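> Pasting the sequence and the predicted coordinates here, then a few questions.
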Amino acid sequence: MTAPVRTVAFVLSLLSSAGPAAGSTAVPDTTTLQFYGFRAGARIEEMNALLQRLDGSRLTCERARADRRVSECRSVLRAPKLGAKVRLWISAVDSVASVITLSANVETAQLDSWRRDIERRYGRVGAQAQGSQWMMQWVRRGRMLRLTWRMERGQKIASVSLVDGRVLDNWGRSRTRAASTVPS
């Protein structure tokens with residue numbers, strides 16, 4: 001199994017166990033879950049345009065060998081409004097972002113800024129510990145946004161993951177249909 005396929009399978013398992021976050025005080029969300037303009041479900045062309053506006057960088061994409069509809073795209077942003085050099089990873093199905101992860105080494109103030117921005121838009125949720133890692137999660141209409149942070153070698157590492165369950169579900173259904181039509 002290739003890395004993108006393993007990653008998608010892992011994210012699907014997270015979504016299947018993820019209900020609405022406990023203690024959520026958000027009013028009903030009238031917008032798509034997004035972080036600084038990045039949103040799962042966006043086309044790769046839209047992501048490239050956003051990168052151009054933020055800092056002029058572009059995505060580098062490679063197609064998966066096992067399923068040519070799946071691409072893995074990467075970039076590094078140096079956008080001042082994100083407050084740090086941010087690594088961007090996108091898994092796309094048919095050029096639509098199914099999973100987006102932005103990660104960076106951050107100072108506490110930057111992590112707090114990311115958290116405040118997300119909570120202002122989607123409401124407060126409790127942080128949950130998973131071993132040495134902490135996370136906060138928001139789920140809306142088949143999409144998930146997760147803020148995660150941990151200490152590693154004296155550095156605080158934070159990431160924001162955005163997942164579009166509908167894109168992944170459609171991809172999974174089409175893979176199942178294709179497998180069932182292959183003659184044995």
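On my side now, so go ahead.
> what's the pLDDT at residue 47?
At residue 47 the predicted local confidence, pLDDT, stands at 93.
> got it, and residue 128?
Model confidence at residue 128, given as pLDDT, is 95.
> got it, and the one 3 residues further on?
Looking at residue 131, its pLDDT is 91.
> do you know how far it is from residue 117?
Residue 131 sits at a distance of 26 Å from residue 117 (criterion: C-beta to C-beta, to the nearest Å). Glycine gets a C-beta too; all of them are placed from N, C-alpha and C.
> So for those two, which residue has more residues nearby?
In this comparison of residue 131 against residue 117, neighbours counted by other C-beta atoms under 10 Å, the higher total goes to residue 117 at 15 against 6.
> Contacts only, for the more buried one.
Residues in contact with residue 117, defined by C-beta atoms under 8 Å, 6 or more residues apart in numbering, are 35-36.
> Confirm it sits in a strand?
No. Following the definition DSSP: H, G, I helix; E, B strand; the rest coil, residue 117 is helix and is not counted among the residues of a strand.
> Look up how far residue 130 lies from it.
Counting by C-beta to C-beta - residue 117 and residue 130 are separated by 23 Å.
> and if you look at residue 166?
25 Å.
> More neighbours: those two, which one.
Of the pair residue 166 and residue 130, residue 166 is the one with more neighbours under other C-beta under 10 Å, namely 15 against 9.
> show me where this protein has helices.
3-17, 44-54, 108-122, 165-181 (DSSP state H).
> same question for the first one, mean pLDDT?
Helix 3-17 comes out with an average pLDDT of 45.
> Then the third one?
Taken as a whole, helix 108-122 carries a mean pLDDT of 94.
> So which bits of it are buried?
Taking 16 or more other C-beta atoms under 10 Å as the basis for neighbour counts, the residues of helix 108-122 that come out buried are 110-111, 114-115, 118-119, 122.
> Dump the residues you listed into TSV; add distance to residue 98 as well.
Converted to TSV, the buried residues of helix 108-122 look like this (distance: C-beta to C-beta, whole Å):
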residue	distance to residue 98
110	27
111	25
114	22
115	24
118	20
119	25
122	20
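> So, low pLDDT: which residues of the protein?
Low-confidence segments of the chain, defined by pLDDT under 70, are located at 1-31, 167, 169-184.
> Give the burial count for residue 66, as a bare number.
In terms of burial, residue 66 registers 11 neighbours under the definition other C-beta under 10 Å.
> go on, the one 3 residues further on?
Burial of residue 69 is recorded as 14 neighbouring residues (other C-beta under 10 Å).
> so what's the backbone phi/psi at it?
Note on residue 69: its backbone torsions stand at phi -80, psi -20 [degrees, to the nearest 10].
> My understanding was that it contacts residue 96; is that so?
No. In this structure, residue 69 is not within contact of residue 96 by C-beta atoms under 8 Å, at 9.7 Å.
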